[in-house]
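Chemist: give me the fold of what follows.
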Amino acid sequence: MRSSVKKSKKINPQVAALNFFAEAGLLKRVKRSGWWVAGIENPESVAEHCFRCAVIGYYIAHCEDVDPFKVVTQTLFNDIHEARINDLHKMGHYYIDFREAEKKAFSDQVADLDKKVKASLQAMRRDYEGQLSPESVVARDADILECLVQAKEYADNGYPVARTFFKRAPDHLKTATARKLWKQALSWDAHAWWQNVVKFER
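Modeler: Predicted structure coming up:
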């Protein structure tokens, strides 16, 4: 028997906000499924991915002279729909129209939010999906670059198959800053930063 999501009745705006926060919190437990294909048993969560996307987006935004606040907002909310429909790797996308599911989930998530918040998030979503502004281009680059940096870290940690992600993803980077960062990352040691901080004594 198929289950369906009930149409929500008009609810208290504070309750709607708290419900939305709870959904966002679920992303701390939703794993990035593409890494399972690469043999990584316990990959990072969607929330962890979004956090570093925001950090990377903030950096690229300044280098590209675009609004960092707008970029960070888009990176933080880009995958919010996965609280309802989970993360689906690219093989799954081949068989399922996941884009339509994303739109439906997001629409339902924001339906009961404060009107101003709802309108802002909807506008942000349209911008990101359509790549309509320089900020949306930077936010998308941050998303791709975060995946590539994560792949490099996994490769450096003994999962060489993660290098498979190096083949096509870099071709989708649009900004000069993101492309330069990725070029440098290819020869970068993911462990160098902490080895330079921690001084080991004999």
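
Chemist: where does pLDDT dip in the protein?
Modeler: Scanning the chain for pLDDT under 70 picks out 1-8, 200-202.

Chemist: which parts of it are helices?
Modeler: 13-26, 34-37, 46-63, 68-77, 82-85, 90-95, 98-110, 115-130, 134-156, 176-185, 192-197 (DSSP state H).

Chemist: tabulate the ones you listed (a markdown table), appending distance to F166 and mean neighbour count.
Modeler: Every C-beta, even on glycine, is put in place using the N, C-alpha and C of the backbone. Converted to a markdown table, the helices of the chain look like this (distance: least, C-beta to C-beta, whole Å; neighbours: other C-beta atoms under 10 Å):
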| stretch | distance to F166 | mean neighbour count |
| --- | --- | --- |
| helix 13-26 | 31 | 14 |
| helix 34-37 | 14 | 18 |
| helix 46-63 | 17 | 20 |
| helix 68-77 | 22 | 21 |
| helix 82-85 | 24 | 20 |
| helix 90-95 | 15 | 10 |
| helix 98-110 | 23 | 16 |
| helix 115-130 | 24 | 14 |
| helix 134-156 | 7 | 22 |
| helix 176-185 | 9 | 16 |
| helix 192-197 | 19 | 9 |
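
Chemist: distance to A162 added to the ones you listed, as TSV?
Modeler: Putting the helices of the chain into TSV (distance: least, C-beta to C-beta, whole Å) gives the following:
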stretch	distance to A162
helix 13-26	26
helix 34-37	8
helix 46-63	14
helix 68-77	22
helix 82-85	21
helix 90-95	14
helix 98-110	22
helix 115-130	26
helix 134-156	4
helix 176-185	13
helix 192-197	18
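
Chemist: tell me which of those helices lies nearest to A169.
Modeler: Closest approach to A169 among the helices of the chain (C-beta to C-beta): helix 134-156, 5.5 Å.

Chemist: ok, which of the helices of the chain comes nearest K167?
Modeler: helix 134-156 (10.3 Å).

Chemist: alpha carbons of the closest one, as CSV, please.
Modeler: Output in CSV follows, covering the C-alpha atoms of helix 134-156 (Å, rounded to 0.1, in the frame of the first residue of the first chain):
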residue,chain,number,x,y,z
PRO,A,134,27.4,35.2,-10.6
GLU,A,135,26.7,34.1,-7.0
SER,A,136,24.9,31.0,-8.2
VAL,A,137,27.8,30.0,-10.4
VAL,A,138,30.2,30.4,-7.5
ALA,A,139,27.9,28.4,-5.2
ARG,A,140,27.8,25.6,-7.8
ASP,A,141,31.6,25.7,-8.1
ALA,A,142,31.9,25.4,-4.4
ASP,A,143,29.7,22.3,-4.4
ILE,A,144,31.8,20.7,-7.1
LEU,A,145,35.1,21.7,-5.6
GLU,A,146,34.1,20.4,-2.2
CYS,A,147,33.4,17.0,-3.7
LEU,A,148,36.8,17.1,-5.5
VAL,A,149,38.6,18.1,-2.3
GLN,A,150,36.8,15.3,-0.5
ALA,A,151,37.8,12.8,-3.2
LYS,A,152,41.4,13.9,-2.9
GLU,A,153,41.3,13.4,0.9
TYR,A,154,39.8,9.9,0.5
ALA,A,155,42.5,9.1,-2.1
ASP,A,156,45.2,10.3,0.2
